[in-house]
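return atomic coordinates for the entry below.
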Amino acid sequence: MSDPAKLKVVKQVDRPDILFSIARLPESTQLYVGSSDQRVYSFDAFDEKSKPQAFVGHRSYVSGLVLTDSGQLVSGGYDGRLIWWNRESRDQVRSLTAHQKWIRRVDVTPDGRTVVTVADDMVCRLWDAESGKLLRELRGHKPQTPHHFPSMLFCTGISSDGKLLATADKVGHIVVWEISSGKKLKELDAPKMYTWDPKQRIHSIGGIRSLAFSADSRLLAVGGIGQIGNIDHLGALARLEVFDWQKGERTHEFPGDKFKGLFERLIFHPQGKWLLGAGGDHNGFIKFIDLDSKKVIRQEKAPMHIHDLVVDENYNRIYAAGHGKVVVWEMDG
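Numbers count the residues shown, from 1 in each chain. Prediction:
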C-alpha cells in the first residue's frame, strides 16, 4: 500500500558509469538508462542473466529518456540531439538536432503523444511523439543571469491530465504553460535556490532542478538547493518549495534539515499521500514529505547521488539511476 515506513532496498545494480536518466517499460521490470558514456542501455532489473544492451548514437551524456504511446524509446543528450529508437532492434528510427545547447530534460505527456525538451539555449520545445514534428516553441526564460552569465533551463513538470507544463531555470524562475495553446499562464520565482558569489569565484550555482504537479494540478512542487557558502561544492541543504501556482502563493517551504545537494526528481503520490524527492551531492538521499502535516515522514541516505527515478503503477516500487548504480526500493505495507 505504498507505505514509506516500509521502505527498503531490494535490488542494486553496480555500473561503471554515471546514469543521468531512466525509463521503465510499463507493467515490467525492463529498464532503459542514459549513460555518461554516450549510450543508452536496456536490461531487466531483476534478471541476473540479463546483460545490458547498448543503443549507440549520441555523442555526449544521455540526459533524458521517455517512452512514447507507440512504444518507441526517445533519448536526448548533451549533444543537443533527440533520437527515436526501435526498442527491439536498437536501431535509430529518427535523429534530429533539437537544441543548440545541452538538453537538460526530456519529458512526455501522460498519453505518450507529445515529447517535451528543455535545454541551455533556454527554449522548451514540444514534439509530436509519432512523427517527430516540432509542434511548438516556448520561450519564457532569460538567456542570461542577472549578473550577465549564461543561464540554464534545467527541468520540466507535466500535470497528470496533460494540460499543464512547467519549466524552471538556474536563477529560480518558473513558468507554467497551457500545453494545447502554448499560452503562458503564470510566472513564479524561488530565488533562494540561486547562489551568486561576487568575490572569490565570480560565479553562480544552483537553480531549480525538479518540478512536479499534484494530482489535482493545484500545487506545484519545486526542488533545488539552498544558498551555498562554497560554490565549488554543493555544500548546502537540499531545498523544496511548494506553490499554489494559480494564486501565486508559496504554501510550503522545506529548507532542509539533514541532506545536502540537489533535489533532482520529485513525484507526487496520486492520492496525495506523500511527495517523493531524491537527489544528492557527493552522496545521495531519498525523502518523503507529508504536505498536510508539513513534515518529513521518511528520509534515508541513498547508495549514490540520484539523478532520475521512476515508480511503478502501484507507487510501491521505486527505480533510481545515478552515480555508478541502479537501485530499486519497495514499500510493502
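
which strands or helices does the worst-scoring helix or strand of the chain on mean pLDDT pack on?
Ranked by mean pLDDT, DSSP states H and E, the helix or strand of the chain with the weakest confidence is strand 203-206, at a mean of 77. Counting contacts by 3 or more CB pairs under 8 Å, 6 or more residues apart in numbering; DSSP states H and E, strand 203-206 is packed against strand 194-197. For glycine as for every other residue, the C-beta is placed from the backbone atoms N, C-alpha and C.

list the buried ones in the strand it packs on?
Taking 16 or more other CB atoms under 10 Å as the basis for neighbour counts, the residues of strand 194-197 that come out buried are 194-197.

pLDDT below threshold where in the stretch 101-250 of the chain?
Low-confidence segments of the stretch 101-250 of the chain (pLDDT under 70): 199-203, 230-234.

and the strands in it?
With DSSP state E, counting those that start in this stretch, the ranges of strands along the stretch 101-250 of the chain come out as 103-108, 114-119, 124-128, 134-138, 153-158, 164-169, 173-178, 184-189, 194-197, 203-206, 210-213, 219-225, 238-244, 249-254.

partners of Val327 in the sheet?
Val327 has these beta-bridge partners by DSSP bridges: Gln12, Ala320.

that one touches Pro303, doesn't it?
Yes - the criterion here is CB atoms under 8 Å, and Val327 meets it with Pro303 at 5.4 Å.

of these two, which one has the most company?
Val327 (24 against 19; other CB atoms under 10 Å).

for Arg59, see how far away the more buried one is.
Taking CB to CB, to the nearest Å as the criterion, Val327 is separated from Arg59 by 28 Å.

tell me, how many residues neighbour the nearest residue to Gln100 once chain neighbours are set aside?
Beyond its immediate neighbours in the sequence, the residue positioned closest to Gln100 (CB to CB, 6 or more residues apart in numbering) is Asp121, lying 4.6 Å away. For Asp121, the tally of surrounding residues (other CB under 10 Å) stands at 20.

so how far is Phe43 from Asp121?
Asp121 sits 33 Å away from Phe43 when distances are taken as CB to CB.

swap in Gly182?
In this structure, Gly182 and Phe43 are 38 Å apart, going by CB to CB.

mind putting the buried residues of strand 194-197 into a markdown table with distance to Leu25?
Rendered in a markdown table, the data for those read as follows (distance: CB to CB, whole Å):
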| residue | distance to Leu25 |
| --- | --- |
| Tyr194 | 37 |
| Thr195 | 39 |
| Trp196 | 43 |
| Asp197 | 44 |
